[in-house]
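A.B. asks: curious how this folds, go ahead:
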Amino acid sequence: MQELGLAGPQAVIAATCLTGGVSSDVLRVDVDGQAYCAKFALEVLRVAARWEAPIHRNRTEYAWLQFAASVAPDSVPRLYGHSEREQGFAMEMVAGGARNWKDELVAGRVDSGIAREAGRLLGRLHAASAGRVLDPDRFGTAEDFFALRVEPYFIHLIATYPQLEARVLALAEQYRVCRIALIHGDVSPKNILVRDGVPVLLDAECATMGDPAFDIGFCLNHLLLKWVHIPDSNAALLRAARALWDGYCEHLDWEPVAALERRVADLAPLLLLARVDGKSPVEYLHAEAKQTVRSIALDLIDRPAATIEHIATRLEARRA
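C.D. replies: Okay, here's the model as predicted:
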């Protein structure tokens, strides 16, 4: 805090670790009564399987937040500076009635309006970066994305599902060379706060120039997982999934909608399997629910869907 000019030598500083993250140390830091949030990347993530990742991703996350602030300043925390020496940065401690979207969904409060706004935000961010040559020193991070997403989520599946090896390796190669737009890489409801009806997006450690289908597919996947987890909210969650996609498509102008949608539909079953059998399984699914997720995913692999609507219709048929 002193290095960033946020605390003098005589300042009273109190730091409290915040819980919930597996990839970084995140702290609330109070300096003479002013609250900040400080974040430092971990070399070894807090998961059951061994998972290492480069700590310079902290610099990439800060750069993504700067870019996002130039496009949608109300949808990221205010930034106070990055320390190259400490591989950490300080940002606004988002409070003031902000709600975590994941907590809202798990509590059964499924608001399609929030989903649509989240989709619009993603669409705006992708549209603003599509076709641009952004600083490769900041966003030429395909190898980091491989270590943080491709290997633990997809490559790790091959041991359990050897029949998917060719499909997984083809996806891995696609992500290694794709540079369509700047992606966030971890668009999960747990990383979205809702402040005055506006989504605030956090945790861009996986940011890279890549395939925008990954971001929207990653978020849709979490709504599908909640569909399995919260049967009472099934209809509302599918409305939210449709709203997320519709909001996103309002800004999708860099390629045909059908082309990107097909990549999202192809990605969906692999993401479902990744969150039950990859290195980072979701924590809330019990054994029976995991089997349901596997059944849905393998069915989508055997009988591929071409659209988001097709996936939603297939899920509705399972509950009919």
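A.B. asks: please count neighbours and contacts with C-alpha atoms only from this point.
C.D. replies: Will do.
A.B. asks: what residues sit buried inside stretch 70-81?
C.D. replies: 71, 75, 76, 77, 78, 79, 80, 81 (16 or more other C-alpha atoms under 10 Å).
A.B. asks: apologies, that question was intended for stretch 165-183.
C.D. replies: Under 16+ other C-alpha under 10 Å, the buried positions of stretch 165-183 are 165, 168, 171, 172, 175, 176, 179, 180, 181, 182, 183.
A.B. asks: and it, how far out from the chain middle?
C.D. replies: 17 Å (C-alpha atoms, centre = their mean, to the nearest Å).
A.B. asks: residues contacting residue 87?
C.D. replies: Contacts for residue 87 (C-alpha atoms under 8 Å, 6 or more residues apart in numbering) come out as 40, 41, 55, 56, 58, 59.
A.B. asks: which phi and psi values does the closest residue to the fourth one other than its chain neighbours adopt?
C.D. replies: Spatial nearest neighbour of residue 56, excluding adjacent residues (C-alpha to C-alpha, 6 or more residues apart in numbering): residue 87 at 6.5 Å. Backbone geometry at residue 87, expressed as degrees, to the nearest 10, gives phi 50, psi 50.
A.B. asks: go on, the one 4 residues further on?
C.D. replies: Phi and psi for residue 91, reported as degrees, to the nearest 10, are phi -150, psi 170.
A.B. asks: how many neighbours does it have?
C.D. replies: 20 (other C-alpha atoms under 10 Å).
A.B. asks: kindly report the same for residue 11.
C.D. replies: Using other C-alpha under 10 Å, residue 11 is surrounded by 14 other residues.
A.B. asks: pLDDT below threshold where in the protein?
C.D. replies: 19-22, 44-55, 136-137 (pLDDT under 70).
A.B. asks: select the longest helix from it.
C.D. replies: helix 257-277 (DSSP state H).
A.B. asks: give me the next element, helix or strand, following it.
C.D. replies: Helices and strands here follow DSSP states H and E; after helix 257-277, the next one along the chain is helix 287-302.
A.B. asks: okay, the angle between that next one and helix 257-277?
C.D. replies: 140 degrees (axes from the mean of the first three to the mean of the last three C-alpha atoms, to 10 degrees).
A.B. asks: return the set of buried residues in helix 287-302.
C.D. replies: Buried, per 16+ other C-alpha under 10 Å, within helix 287-302: 289, 290, 293, 294, 296, 297, 298, 300, 301.
A.B. asks: and that helix, how far from the chain's centre?
C.D. replies: The answer for helix 287-302 is 21 Å, by C-alpha atoms, centre = their mean.
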